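Participant: Mind looking at a prediction? Sequence and model below.
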Amino acid sequence: MKVGTRIPLYLLNSLSTRHSETGDLVYLQTAFPVLVRGRIVIPVGSYVTGTVTEVKRPSRAKGPAELYVRFETLTLPNGVTRHFNARMGGMDGTVDAKVDRAEGKVTADGNHSGDARTVAETGGIGASVGGIAGSGSNAPLTGLGIGAGVGAAAGLIGILASHAPDAVLPKGTTVEMVLDRPLNFTEIELD
């Protein structure tokens with residue numbers, strides 16, 4: 001098989017930036033047969049192992065959660081094993097994350113519209129409170145401005161202190177492995 005061959009796999013164990021650590025093993029199984037010139041070379045049910053190479057915990061200040069996985073071995077049902085290097089090239093659409101195909105990096109989707117809404121809502125609440133307090137002291141516009149500023153600042157502090165979403169790949173997630181170098185088998189190994 002040549003460089004760039006895509007092999008669909010499904011996860012046998014879950015991965016998460018909350019629970020996974022660098023060096024953790026990843027267990028997968030082929031989800032669809034891979035054919036070369038009309039012959040099945042990698043049958044369904046072949047095993048693939050990989051390693052978590054880097055975990056970046058989510059932080060509102062430092063950015064979204066990131067998880068890097070490297071695929072390393074393939075074992076056919078007859079026991080023939082090959083060591084190789086491959087990266088993740090895709091993932092099913094049911095997972096709330098995205099894959100950087102060039103790096104094989106999984107990144108959690110952030111909630112930027114929700115963050116903006118939180119700042120706007122707390123700013124509006126602060127403006128209301130400030131306007132009411134300011135009208136009692138005959139300075140409603142000053143109170144409104146101070147209240148809006150304090151409310152928006154409180155919303156921003158709340159967002160920065162909160163935990164951004166983790167990158168999670170549940171057991172059974174379908175991922176796509178992309179070969180970075182050729183993977184060859186002899187006729188005897190395929191029998």
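Facilitator: Cool, got the structure.

Participant: hey, let's count contacts and neighbours off CA atoms from now on
Facilitator: Will do.

Participant: What residues sit buried inside the helix or strand encompassing Leu35?
Facilitator: Here Leu35, judged by DSSP states H and E, is contained in strand 34-36. By 16 or more other Cα atoms under 10 Å, the buried positions in strand 34-36 come out as Val34.

Participant: helices and strands of this structure: which one has the lowest mean pLDDT?
Facilitator: helix 112-136 (a mean of 52; mean pLDDT, DSSP states H and E).

Participant: Quick check: phi and psi on Glu187?
Facilitator: Backbone dihedrals for Glu187, given as degrees, to the nearest 10, come out at phi -60, psi -40.

Participant: Tell me how far it lies from Val41.
Facilitator: Here Glu187 is placed at a distance of 10 Å from Val41 (Cα to Cα, to the nearest Å).

Participant: The two: who's more crowded?
Facilitator: Between Glu187 and Val41, counted using other Cα atoms under 10 Å, the more crowded position is Val41 (20 against 8).

Participant: so where do the helices sit in this structure?
Facilitator: Under the criterion DSSP state H, the chain contains helices at 112-136, 140-161, 187-190.

Participant: Roughly how far does the residue nearest to Gly50 when sequence neighbours are not counted sit from Glu187?
Facilitator: Of all residues not flanking Gly50 in the chain, Phe71 sits nearest, at 4.0 Å (Cα to Cα, 6 or more residues apart in numbering). For Phe71, the distance to Glu187 (Cα to Cα) stands at 24 Å.

Participant: quick one: pLDDT of the closest residue in space to Asn13 that isn't next to it in sequence?
Facilitator: The shortest distance from Asn13 to any non-neighbouring residue, by Cα to Cα, 6+ apart, is to Lys171 (4.9 Å). Note for Lys171: predicted pLDDT of 93.

Participant: So what's the residue count around the nearest residue to Gly104 once chain neighbours are set aside?
Facilitator: If you skip the residues right next to it in sequence, Gly104 has Met88 as its closest partner in space, 4.4 Å away by Cα to Cα, 6+ apart. Summarising burial for Met88: neighbours were counted as other Cα under 10 Å, giving 26.

Participant: okay but Met88 is in contact with Leu67, surely?
Facilitator: No: using Cα atoms under 8 Å as the test, Met88 is too far from Leu67 to be in contact (10.7 Å).

Participant: which neighbours do the two share?
Facilitator: Each of Lys105 lies in contact with both Met88 and Leu67 under the rule Cα atoms under 8 Å, 6 or more residues apart in numbering.

Participant: ok so, going back, I'd say the residue nearest to Asn13 and Ser14 touch.
Facilitator: Yes: the pair formed by Lys171 and Ser14 meets the contact definition of Cα under 8 Å, at 4.4 Å.
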